[in-house]
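Visitor: Below are the sequence and a predicted model for it; my questions follow.
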Amino acid sequence: MKLYNWQFAPNCRRVRMFILEKGLDLPGISEVIGDGMKLQPSFIDMWPSAMVPVLELDDGTRFSEALAIVKYFEELHPEPNLLGATPLERAFVTMWERPGYDEGIVGTAEVVRNAMEVFHDRALPGFPNEAVVQIPALINRGKQRVMRYLRKIEGQLGKNRFMAGDRFTFADITNLCAVDFALFAGMSIPQECPSVTRWHKEVSARPSAAASV
């Protein structure tokens, strides 16, 4: 089994942290990034959609998308449960996992992809052979989106120890990766979000958090 991985990418970290929380060894890691933070041509030839992570099974089957990969591992290794043990809990894990990706990670990606010089002609992922120019106005929009996201999860974490309730789940993994990505991009947790700060400190102390960076 092999995980095609970009160590910097939060979506890859989501998968690595999930696997570590399961108490499993990480698959063989194949780094796909070469010089200039660009995808290696061999990876693009193998996977033309040019997005990571991709999991390759021992029989050569490959599939992508972080959520699809973690669902695969949850089916193989149901304990400890991370996607929800009951229909209601699964609904809440999904409900609070999605803002981490849709608002936190994607919002921060707007900032990173439109601000960093290394992405000057690669403002969108998945376009390895086409120039996608940066749009500076999207930097502020991305920051607004992330601040709104942090205020949203503050409301949830003010009433719950973890993102989906009283125990750690995949919702916490995705949101931790989102918040850490925002911190990397120079944003900070606002003072009016003390519950996010409290939660971030707790989940960052988990061994899987450090081991997945």
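Guide: Arrived safely.
Visitor: How is the protein divided into domains?
Guide: Domain assignment for the chain by automatic domain parsing gives 2-76, 87-211.
Visitor: Next, the distance between the ends of the first one.
Guide: Domain 2-76 stretches 16 Å from its first residue to its last (CA to CA, to the nearest Å).
Visitor: go on, stretch 19-37?
Guide: Stretch 19-37 has an end-to-end distance of 25 Å (CA to CA).
Visitor: Touching that stretch from outside, list them.
Guide: 1-8, 16, 39-40, 43, 52, 55, 73, 77, 80, 82, 118-119, 168, 173, 206-208, 211-212 (CB atoms under 8 Å, 6 or more residues apart in numbering). (Glycine included, C-beta is placed from N, CA and C.)
Visitor: Which of those are buried, as a ChimeraX select command?
Guide: Of the contacts of stretch 19-37, the buried ones can be selected in ChimeraX as follows, counting by 16 or more other CB atoms under 10 Å:
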select :3,4,5,6,16,39,40,43,52,55,73,82,119,168,173,206,208,212
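Visitor: Setting aside sequence neighbours, what's the nearest residue to residue 115?
Guide: In space, residue 115 comes closest to residue 139 once its chain neighbours are excluded; the distance is 5.1 Å by CB to CB, 6 or more residues apart in numbering.
Visitor: where do the strands sit along this protein?
Guide: 2-5, 28-31, 54-56, 62-64 (DSSP state E).
Visitor: Okay, now the sheet partners of the second one, with direction.
Guide: Going back to what we said before, that points to strand 28-31. Pairing partners of strand 28-31, with direction, according to DSSP bridges: strand 2-5 (parallel).
Visitor: Grab the longest helix from this structure for me.
Guide: Longest helix in the chain by number of residues (criterion: DSSP state H): helix 137-157.
Visitor: Quick one: mean pLDDT for that one?
Guide: Confidence over helix 137-157 (mean pLDDT, whole number) is 98.
Visitor: about what we covered before: which residues does the residue nearest to residue 115 contact?
Guide: 110-111, 114-115.
Visitor: Take those and keep only those in helices.
Guide: 110-111, 114-115.
Visitor: from the residues you listed, which is closest to residue 193?
Guide: residue 111 (18.1 Å; CB to CB).
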